[in-house]
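> I'd like to go over a predicted model; first the sequence, then the structure.
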Amino acid sequence: MTNVIVTARRGLRGEVKVPGDKSISHRAIILSSIAEGITGIHGIQSGEDVRRTAAAFQTMGVSITREGRNDLRVHGVGLKGLREPNEVLDLGNSGTSMRLLVGLLSGQRFFSVLTGDRYLCNRPMGRVSRPLRSMGATIMGREDGNLPPLAVRGGELHSISHRPEKASAQVKSCLLLAGLYAEGGVTIEEPVPTRDHTERMLGLFGLPLEISGTSIHLEGGLQLRGGEVWIPGDISGAAFVLAAALLVPDSEITVRDVGVNPTRTGFLDAMAAMGGRLKVDNLRERSGEPIADISAYCGPLKGIELRGSVIPGIIDELPILSVLASVAEGQTVIADAGELRVKETDRIRAMVEGLRKMGVDVEEKPDGLIIQGNPSINGARCSSYGDHRIAMSFIIAGLRARGETIVEDTDCVNTSFPGFMRLLESL
């Protein structure tokens, strides 16, 4: 277990690139594995979560070779070419891998078992196992399929129309992958729009979708075609670097080639509403995803309210937004974010405990936090609880805090942002 010691800094400056987008990297490996032909994936994220996804498909007979530091070549086996794994698929800490793969495996005519580390095995899976069962899949697990390990007996699936109880891109993507194998496909009605990387990438692989408002329909049985995929920089990772610029006096940082998918830029709107000085330049598109260069500059921040329909689009960035709120003038309210309690850890509880140790006046609510900002926070010893976003949030907080900050158990950062500390030290 690695601890990181952080002290206050001034004048963080530079131009950097962040690792490839984790969400898009997972989807690129999954779809290229079941496509016809060879796919070159460029700029793939090399974190532990993405490596787990790749290893799972290699176990199921897909040839995946690395070409250069961040490029993969995937020899697709087609929609029905996966073979039954001869071992349990261990997905480590990756909830995305678990939820997306259980959908894909529900359409395979074989048996498979998915597991993960102690954190993943306590994350709820009922929201995907229940609709998959209604499509005809057999899924078993702890608490009647709500907790991993999950055993999946795939087979013939039939069409469903599903409206998730809560907006979730992972649930949507899981059902779209299952729908590839369903007679009649699937229709999903989202409560509010969520990140649409799966839909964009299905189009890139030649698969048409019918989209009307928040309704998505996918026909089953259609073949995907391999090609070339370029992965943009991970905007969720960039959020931590941009937050460092906003927090640390005399700082000016530019992050190049970042994905700016409109379903993922809500945190930029939140930062701007707090008074954060941001600039987006050089907007263009590649592999169906918009990308840009984003610059951030230190300045005074103010408290805001974050609730309702904006929450699904910023759910991953709420921990670092909580850090910004802790030094902002006035009160910040985060509500309707109960989803934070079922991430890699209970992120509401983890942020409350850590921020209180740093002297922040923060109130815990069932679905969020109320933070009274104060420009002066103190160094403290904070636990990551094995959660990469909690670890990175308190590392960034330590760059502003008086005294020494120790963040415990930071190995988890490698699941989503390999080289995070080296990047910070380069500024």
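Looks like it arrived, so ask away. Nothing here was measured: the structure is a model prediction, and the numbers come from that model.
> which residues are contacting stretch 409-423?
With contact meaning Cβ atoms under 8 Å, 6 or more residues apart in numbering, stretch 409-423 is reached by 1-4, 16, 18-19, 22, 45-49, 92-94, 234, 236-237, 240-241, 344, 383-389, 391-392, 395. For the C-beta atoms, the positions are set from N, CA and C on the backbone; glycine is no exception.
> just how off-centre is it within its chain?
When distances are taken as Cα atoms, centre = their mean, to the nearest Å, stretch 409-423 is centred 14 Å away from the chain's centroid.
> how about stretch 327-345?
Averaged C-alpha coordinates place stretch 327-345 at 17 Å from its chain's average position (Cα atoms, centre = their mean).
> whichever of the contacts of stretch 409-423 end up buried, select them in PyMOL.
To isolate the buried members of these in PyMOL, using 16 or more other Cβ atoms under 10 Å:
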select buried, resi 4+18+19+22+45+46+47+48+49+92+93+94+234+236+237+240+241+344+383+384+385+386+387+388+389+391+392+395
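> the contacts of stretch 409-423 in helices, which ones?
22, 48-49, 236-237, 240-241, 388-389, 391-392, 395 (DSSP state H).
> please produce CSV containing these, extended by distance to residue 84 and pLDDT.
What follows is the ones in helices among the contacts of stretch 409-423, written out as CSV (distance: Cβ to Cβ, whole Å; pLDDT from 0 to 100):
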residue, distance to residue 84, pLDDT
22, 28, 94
48, 25, 91
49, 24, 93
236, 34, 94
237, 35, 95
240, 40, 98
241, 42, 98
388, 32, 95
389, 35, 96
391, 37, 97
392, 38, 98
395, 42, 98
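> want to throw those residues into CSV with distance to residue 141?
Written out in CSV, the entries for the ones in helices among the contacts of stretch 409-423 read as follows (distance: Cβ to Cβ, whole Å):
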residue, distance to residue 141
22, 24
48, 23
49, 20
236, 28
237, 31
240, 33
241, 37
388, 24
389, 25
391, 28
392, 30
395, 34
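> name the nearest of these relative to residue 224.
The shortest gap between residue 224 and any of the ones in helices among the contacts of stretch 409-423 belongs to residue 22, at 21.2 Å (Cβ to Cβ).
> what's the average pLDDT for stretch 86-102?
For stretch 86-102, the per-residue pLDDT values average out at 96.
> one step back: so which of the ones in helices among the contacts of stretch 409-423 is the closest to residue 70?
Proximity of the ones in helices among the contacts of stretch 409-423 to residue 70 (Cβ to Cβ) peaks at residue 22, which lies at 12.9 Å.
> that closest one touches residue 47, doesn't it?
Yes - with contact defined as Cβ atoms under 8 Å, residue 22 reaches residue 47; the gap is 6.4 Å.
> so who does the closest residue to residue 203 other than its chain neighbours touch?
Once flanking residues are discounted, residue 203 sits nearest to residue 288: 6.2 Å by Cβ to Cβ, 6 or more residues apart in numbering. By Cβ under 8 Å, 6+ apart, the contact list for residue 288 reads 200-201, 203-204.
> isn't residue 39 up against residue 77?
No - judged on Cβ under 8 Å, residue 39 makes no contact with residue 77 at a distance of 11.6 Å.
> among the two, which residue is more densely surrounded?
Per other Cβ atoms under 10 Å, whichever of residue 39 and residue 77 has more neighbours is residue 39, with 25 against 18.
> ok, the more buried one to residue 17 distance?
23 Å (Cβ to Cβ, to the nearest Å).
> same check, this time on residue 316
19 Å.
> neighbour count winner among those two?
Neighbours were tallied for residue 316 and for residue 17 using other Cβ under 10 Å; the higher tally belongs to residue 316 (21 against 16).
> tell me the contacts of the more buried one?
Shown here is residue 316, whose contacts under the criterion Cβ under 8 Å, 6+ apart are 236, 239, 389.
> part of a strand, is it?
No - applying DSSP: H, G, I helix; E, B strand; the rest coil, one finds residue 316 to be helix, outside a strand.
> what is the helix or strand bottoming out on mean pLDDT in the chain packed up against?
When the helices and strands of the chain are compared on mean pLDDT, DSSP states H and E, helix 311-314 comes out lowest with a mean of 91. Applying 3 or more Cβ pairs under 8 Å, 6 or more residues apart in numbering; DSSP states H and E, we find helix 311-314 packed against helix 266-273.
> excluding sequence neighbours, find me the nearest residue to residue 283.
What sits nearest to residue 283 in space, not counting adjacent residues and going by Cβ to Cβ, 6+ apart, is residue 292, at 4.5 Å.
> I figured residue 265 hits residue 238, correct?
No - the criterion here is Cβ under 8 Å, and residue 265 misses it with residue 238 at 10.5 Å.
> those two: who's more crowded?
Neighbours per residue (other Cβ under 10 Å) separate residue 265 from residue 238, with residue 238 holding more: 29 against 19.
> and stretch 226-233, which residues are buried?
Buried-residue list, stretch 226-233, by 16+ other Cβ under 10 Å: 226, 229-233.
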